[in-house]
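Student: No letters, just coordinates:
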Ligand code: GLA
């Protein structure tokens with residue numbers, strides 16, 4: 001079965017009704033920010049490397065209005081929440097910052113308010129609705145952060161610097177969700193471009209849009225619908241291992257290291273550190289090559305690099321899991337599939353598959369037969385980053 005993508009205007013209508021039922025008046029502002037899928041360049045962003053994600057038509061919508069005073073009240077319509085769907089708090093002051101607490105989903109909101117780049121923010125009421133599956137590896141959290149930031153921009157405009165906006169949202173995730181993530185998810189949620197993937201240089205923070213519209217091509221996301229608890233602890237461990245490897249190589253980050261540097265230092269390194277660094281160095285190279293292949297519409301080459309990326313994430317970086325491997329293997333068995341790989345942090349979540357449009361039903365069928373779980377599918381196109389919507 002395919003999970004169809006809820007049109008943004010339906011989500012806005014849903015959020016509007018929810019807002020009205022909760023607060024007894026009508027919202028005046030509506031914004032949205034997308035989730036993302038990373039085509040290639042995994043675990044390279046915090047090593048100052050390249051990534052090649054695209055923004056999704058799956059979005060988080062925030063509707064609401066300013067109120068007098070310094071109170072904030074927010075409701076979230078997310079069905080997967082096992083905690084209270086409403087939160088009320090006072091805006092932070094210079095002496096009383098907003099601290100993380102419960103419900104956990106509100107920490108993303110609080111973090112963004114805390115790191116917002118203009119003052120003074122007025123009190124407000126808001127309702128949140130999202131079509132990005134929670135915890136599915138499609139950056140539901142970045143889409144929430146960026147949507148909230150975009151909402152705050154309507155209440156109290158900042159200087160409009162999009163990169164600073166992405167960085168403020170990343171900081172919110174660090175301080176209020178406790179995840180030391182890179183910049184990719186927030187960056188593409190802010191700056192994603194319709195009909196394009198974004199080749200982001202995570203060192204300079206410059207990005208080049210690479211066209212990705214071909215009626216003969218489909219980008220299929222398959223959600224394994226599993227999420228292993230390792231995600232939380234392994235991500236910071238990987239970051240540390242990369243920093244250690246860079247230090248051993250005498251570089252400020254693995255972006256500056258070559259495969260030759262690594263081989264020359266191999267004997268002074270333990271095998272795990274060596275393999276982590278090998279993944280990152282090779283993945284940065286693959287990502288540049290894949291962007292070039294995409295510019296030339298060489299999907300075969302792009303697909304080959306995707307599979308190489310997956311194998312390296314599985315064997316060297318060790319962030320895949322049997323469910324993701326199963327999904328990739330099943331997809332690759334069908335003729336007309338160019339490439340497939342896990343996407344995002346790993347240990348569950350989704351795979352992304354590039355294939356000829358005419359075999360998409362066959363691929364889904366085959367995956368459903370082969371996968372020992374119940375997958376969901378999204379057929380996606382590269383979409384626009386965060387934006388203001390009409391009500
Ligand atoms: C998560 C993080 C990103 C990135 C990916 C792995 O999605 O939020 O910053 O590191 O994992 O590529």
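Tutor: That came through, no problem. Model, not experiment: these values are computed from the prediction.
Student: Can you tell me which residues in the chain are near the ligand?
Tutor: Within the chain, the positions adjacent to the ligand are 38, 42, 43, 45, 46, 181, 182, 184, 185, 344, 345 by Cβ under 6 Å from any ligand atom. C-beta: built from backbone N, CA, C; applies to glycine.
Student: OK, now which residue of the stretch 251-391 of the chain is nearest to the ligand?
Tutor: Across the stretch 251-391 of the chain, the shortest distance to the ligand (Cβ to the nearest ligand atom) belongs to residue 345, at 3.5 Å.
Student: Report the buried residues of the lowest-mean-pLDDT helix or strand in the chain.
Tutor: Lowest on mean pLDDT, DSSP states H and E among the helices and strands of the chain sits helix 230-248, with a mean of 92. Residues 230, 231, 234, 235, 238, 239, 241, 242, 244, 245, 246, 248 are the ones in helix 230-248 that count as buried (16 or more other Cβ atoms under 10 Å).
Student: and what of stretch 248-261?
Tutor: Those would be 248, 249, 251, 253, 254, 255, 257, 261, for stretch 248-261 by 16+ other Cβ under 10 Å.
Student: do stretch 383-391 as well
Tutor: So for stretch 383-391, counting by 16+ other Cβ under 10 Å, buried means 383, 384, 385, 386, 387, 389.
Student: What average pLDDT does it get?
Tutor: Mean pLDDT, stretch 383-391: 97.
Student: now the helices for the stretch 51-200 of the chain?
Tutor: Here the stretch 51-200 of the chain has its helices, by DSSP state H, counting those that start in this stretch, at 106-114, 140-155, 162-176, 184-191.
Student: how far does the second one sit from the chain's center?
Tutor: I take that to be helix 140-155. In terms of Cα atoms, centre = their mean, to the nearest Å, the centre of helix 140-155 is set 14 Å apart from its chain centre.
Student: likewise the third one?
Tutor: Centre-to-centre, helix 162-176 and its host chain are 13 Å apart (Cα atoms, centre = their mean).
Student: now the last one
Tutor: In terms of Cα atoms, centre = their mean, the centre of helix 184-191 is found 8 Å from the chain centre.
Student: dump the residue contacts of the residue nearest to residue 333 when sequence neighbours are not counted.
Tutor: Nearest non-adjacent residue to residue 333, counting by Cβ to Cβ, 6 or more residues apart in numbering: residue 366, 6.4 Å away. Shown in contact with residue 366 (Cβ atoms under 8 Å, 6 or more residues apart in numbering): 330, 331, 333, 334.
Student: how close does residue 366 get to residue 334?
Tutor: Look at residue 366 and residue 334: by Cβ to Cβ, to the nearest Å, they are 5 Å apart.
Student: any idea of the pLDDT on residue 275?
Tutor: Residue 275 is assigned 98 on the pLDDT scale.
Student: Tell me the spacing between the nearest residue to residue 121 once chain neighbours are set aside and residue 205.
Tutor: Using Cβ to Cβ, 6+ apart and skipping the chain neighbours, the partner closest in space to residue 121 is residue 156 (5.1 Å). Applying Cβ to Cβ, the value for residue 156 to residue 205 is 24 Å.
Student: re earlier: rebuild the buried residues of stretch 383-391 as a markdown table, extending it with secondary structure and distance to residue 215.
Tutor: A markdown table is the format used below for those (DSSP: H, G, I helix; E, B strand; the rest coil; distance: Cβ to Cβ, whole Å):
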| residue | secondary structure | distance to residue 215 |
| --- | --- | --- |
| 383 | coil | 17 |
| 384 | coil | 19 |
| 385 | coil | 23 |
| 386 | coil | 27 |
| 387 | strand | 25 |
| 389 | strand | 27 |
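Student: Report the contact partners of residue 236.
Tutor: Counted by Cβ under 8 Å, 6+ apart, residue 236 has contacts residue 180.
Student: One more: residue 251?
Tutor: Residues in contact with residue 251 (Cβ under 8 Å, 6+ apart) are 257, 261.
Student: Mind telling me what element it is part of?
Tutor: Under the criterion of DSSP states H and E, residue 251 resides outside all helices and strands.
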